[in-house]
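Novice: Just the structure for this:
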Amino acid sequence: MTQRSATPILPGTTVEVNDPNSIYNGYRGFVQRISGNQAAVLFEGGNWDKLITVPISDLLVR
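Specialist: Alright, predicted model coming up:
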């Protein structure tokens, strides 16, 4: 069972990926946009940036 947060996920929200099957599990990033039940999350790491699409159900608000 996935724990749902009472805080809505909107663009600009800091989130953490909570999917043990994903290579991004545990990564924290910023929501850039939302489309349907997917969110585009931007991860920044020093000299690299990565934008990926993640199901909203796999995100935790941080």
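Novice: now the helices: where do they sit in this structure?
Specialist: Using DSSP state H, no helices are found in the chain.
Novice: how about low-confidence regions in it?
Specialist: Residue ranges of the chain with pLDDT under 70: 1-6.
Novice: Tell me where it has strands.
Specialist: For the chain, the strands defined by DSSP state E occupy 14-17, 28-35, 38-44, 49-55, 59-61.
Novice: by contact count, what packs against the shortest one?
Specialist: What that stands for is strand 59-61. Helices and strands touching strand 59-61, by 3 or more C-beta pairs under 8 Å, 6 or more residues apart in numbering; DSSP states H and E, are strand 14-17. Heads up, the C-betas are built off the backbone N, CA and C, glycines and all.
Novice: residues of the strand it packs on that come out buried?
Specialist: Applying a neighbour-count criterion of 16 or more other C-beta atoms under 10 Å, one finds 15-17 buried in strand 14-17.
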